[in-house]
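1. Build the 3D model from these lines:
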Amino acid sequence: MESIMKLQNGSDVRGIACEGVEGETVNLTEDAGNRIGGAFARWLAAKKGKAVQALRIGIGHDSRITADSLFAAAAKGIAAAGARVYDCGLVSTPSMFMTTVFDEFQFDGAVMITASHLPFNRNGYKFFDRDGGLEHDDITAILETASTLAPAQADLASVEKVDSISVYCGFLRDKIKKSIQAADYDRPLAGLHIVVDTGNGAGGFFVEKVLDPLGADTSGSQFLEPDGRFPNHIPNPENKQAMESIRQAVLNNKADLGIIFDTDVDRMSAVLPNGDEVNRDAIIAMMTAIVSEDYPGGTIVTDSVTSDRLTRFIESIGMKHHRYMRGYKNVINESIRLNNAGIVSPLAIETSGHGALSENYFLDDGAYMAVKLLIALARAARENKPLSSFIDKLEKGFEEREYRFKIDCEDFKAYGKKALDAFEERARAKGYDIAPNSYEGIRISFDTDEMKGWLLLRMSLHDPQMPLNIEGVREGDCDRLFETVLALLEGFDQLVIPAK
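-> Residues are numbered from 1 along each chain as shown. Modelled structure (predicted):
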């Protein structure tokens with residue numbers, strides 16, 4: 001039981017699915033995938049109040065090299081339990097959720113085989129029903145059931161192939177056409193040059209099935225071919241090499257916009273014509289400005305490591321900033337909670353590029369965010385304004401860093417809490433500006449001649465370490481912030497000081 005339970009990663013299942021990295025042993029085996037598939041079918045039947053035999057479940061995957069074997073494993077487990085299986089092929093994670101919504105499918109549940117941006121030897125399973133992605137406790141329950149099952153065989157001849165990605169792309173195209181209302185209704189992106197980088201993940205469909213049919217010039221788009229070894233760069237909008245790759249593509253092709261997706265297309269970032277990167281705080285600011293037109297005064301929920309300058313930007317355009325804890329499910333669930341409490345919250349978004357809108361089932365969907373960006377671009381072009389005008393008020397950052405203090409003791413959670421408590425007490429004694437209502441760790445802002453910027457020290461959710469995020473306004477501020485943290489943590493010798 002213990003080995004299969006270790007495959008839980010928050011609200012997903014993830015593991016090492018093939019050999020190829022020294023020192024990493026396969027733990028997401030075909031047997032494990034088979035039992036997990038069978039357990040999901042049983043969990044879904046219990047939730048829906050249906051017989052397993054009445055269930056219809058879709059399975060899709062990204063470009064990873066272990067996709068086919070893990071598909072067959074899960075499909076056999078689901079089919080052996082009695083449910084009907086549908087093969088959606090190479091798709092995005094958000095499109096798999098939408099198979100539970102679209103009239104053409106209305107699946108009871110959906111499974112996506114992906115490990116997002118992790119190395120090629122990793123893979124995993126994400127699960128959905130009509131209510132959205134499963135929660136942490138749901139995954140725990142599924143893995144507990146899986147640990148009691150034996151691998152089951154089933155004939156997959158009855159598995160039906162469906163073209164769900166085309167239906168999903170039709171949905172995206174319709175959204176663009178109806179929102180732009182161009183003179184040429186069917187080609188609203190004509191005259192715009194859009195460069196896309198999918199990092200050899202699953203996102204090539206966005207060029208072939210969305211942008212090209214709508215008239216966009218997509219020349220210069222790169223790494224669209226699915227290749228689960230990711231030979232060009234990590235498909236990750238947070239990766240510096242990946243962002244530099246799409247930045248150069250935009251500049252070299254003199255494009256109007258660059259779009260980059262992660263492997264399974266639930267995250268995205270962008271690049272403006274001058275090469276400015278629209279990621280982290282900037283993508284949050286851009287999406288906030290876009291939704292503010294329809295939800296004036298709304299509350300934007302973000303993760304904990306967003307900057308003070310982002311807060312000032314959000315408030316400057318009449319919106320509210322609710323900084324919450326890290327984890328895309330945490331951010332999404334908090335935005336849902338606010339809406340249920342009568343507080344309008346149209347957007348839940350992390351600095352990682354996970355963004356979910358209330359108008360789109362609170363689904364973190366990189367392609368849908370790209371659609372919102374394209375609509376804004378087309379409307380701005382019609383008014384002879386650059387897309388950058390949406391975030392003109394966002395102050396430029398100077399430098400940001402992240403460090404991780406390793407906690408070198410057995411009871412690391414207790415030690416970390418003791419260190420955080422002392423850190424806060426010492427900061428208060430010095431009169432530092434500690435943020436109220438911090439949902440994660442201790443956040444301090446500085447605005448003096450000596451030091452300008454902010455820092456956030458918190459406990460890792462699962463690992464024996466304390467991440468530290470800092471952002472300075474001027475040269476040298478990050479170094480001064482780091483030294484301030486070391487002074488506040490003096491005496492905690494079991495914290496391993498990271499190198500600068």
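2. Could you use CA atoms for every contact and neighbour count after this?
-> Noted.
3. Where do the helices of the stretch 101-250 of the chain begin and end?
-> 136-146, 164-180, 205, 240-253 (DSSP state H, counting those that start in this stretch).
4. and the following helix or strand past the last one, what other elements does it pack with?
-> Which is helix 240-253. With elements assigned by DSSP states H and E, the helix or strand that comes after helix 240-253 is strand 257-261. Identification of packing neighbours for strand 257-261 by 3 or more CA pairs under 8 Å, 6 or more residues apart in numbering; DSSP states H and E yields strand 194-197, helix 240-253, strand 268-271, helix 366-382.
5. Which among the ones you listed is found nearest to Ala45?
-> Among the helices and strands packed on strand 257-261, helix 366-382 comes nearest to Ala45, with 30.0 Å by CA to CA.
6. Let me see the contact set for the residue most central in space within the chain.
-> In the chain, the residue lying closest to the centroid (CA atoms, centre = their mean) is His354, at 3.2 Å. For His354, the contact set (CA atoms under 8 Å, 6 or more residues apart in numbering) comprises Asp266, Arg267, Met268, Tyr328, Asp364, Asp365, Gly366.
7. Mind listing the residues bridging to it?
-> Bridge pairing for His354 (DSSP bridges) gives the partners Arg267.
8. Using the record's domain definitions, break this structure down for me.
-> Taking automatic domain parsing as the domain assignment, the ranges for the chain are 2-162, 167-391, 399-496.
9. okay, those in JSON lines with mean pLDDT next?
-> Below are those laid out as JSON lines (pLDDT from 0 to 100):
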{"stretch": "domain 2-162", "mean pLDDT": "97"}
{"stretch": "domain 167-391", "mean pLDDT": "97"}
{"stretch": "domain 399-496", "mean pLDDT": "95"}
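10. Spatially nearest residue to Thr351, not counting backbone neighbours?
-> Once flanking residues are discounted, Thr351 sits nearest to Arg280: 4.1 Å by CA to CA, 6 or more residues apart in numbering.
11. One more: Asp108?
-> Arg56 (5.4 Å).
12. hey, what's the one you found bridged with?
-> With DSSP bridges as the rule, Arg56 is bridged to Arg84.
13. ok, now Leu457?
-> Bridge pairing for Leu457 - DSSP bridges - gives Ile442, Leu468.
14. again, but for Arg14
-> Beta-bridge partners recorded for Arg14 (DSSP bridges): Gly124.
15. which ones are touching it?
-> Arg14 neighbours (CA under 8 Å, 6+ apart): Leu7, Gln8, Leu28, Ala115, Arg122, Asn123, Gly124, Tyr125.
16. sorry, back to before: how much space between the residue nearest to the centre of the chain and Arg401?
-> Going from His354 to Arg401 by CA to CA, to the nearest Å gives 20 Å.
17. Kindly report the same for Ser164.
-> From Ser164 to Arg401 the distance is 41 Å (CA to CA).
18. Give the buried residues for stretch 215-231.
-> Of all the residues in stretch 215-231, those buried under the rule 16 or more other CA atoms under 10 Å are 215-218, 220-230.
19. which residues sit against it?
-> Here stretch 215-231 has contacts from 63-65, 119-120, 187-204, 207, 211-212, 232, 249-250, 253, using CA under 8 Å, 6+ apart.
20. Could you double-check that Asp256 sits in contact with Val196?
-> No. Asp256 lies out of contact with Val196 (CA atoms under 8 Å); the separation is 11.2 Å.
21. Between those two, which is the more surrounded one?
-> Legend: neighbour count by other CA atoms under 10 Å for Asp256 and Val196, higher for Val196 (27 against 21).
22. My guess is that one contacts Ala255. True?
-> No. The pair Val196 / Ala255 is not scored as a contact, 10.1 Å apart, by CA under 8 Å.
23. And what about the closest residue to Phe362 other than its chain neighbours, helix, strand or coil?
-> Excluding the flanking residues, the one nearest Phe362 by CA to CA, 6+ apart is Ala356, at 4.8 Å. Look at Ala356: counting by DSSP: H, G, I helix; E, B strand; the rest coil, its state is strand.
24. Measure how buried Ala356 is and give me the count.
-> There are 28 residues near Ala356, going by other CA under 10 Å.
25. ditto for Ser388
-> That count, for Ser388 with other CA under 10 Å as the rule, works out to 16.
26. Same check on Ser158?
-> Neighbours of Ser158 (other CA under 10 Å): 11.
27. Let me see the contact set for it.
-> By CA under 8 Å, 6+ apart, the neighbours of Ser158 are Val85.
28. still on that earlier bit, Ser164 and Arg401: which has the busier surroundings?
-> A direct count of neighbours by other CA under 10 Å for Ser164 and Arg401 places Ser164 higher, at 24 against 14.
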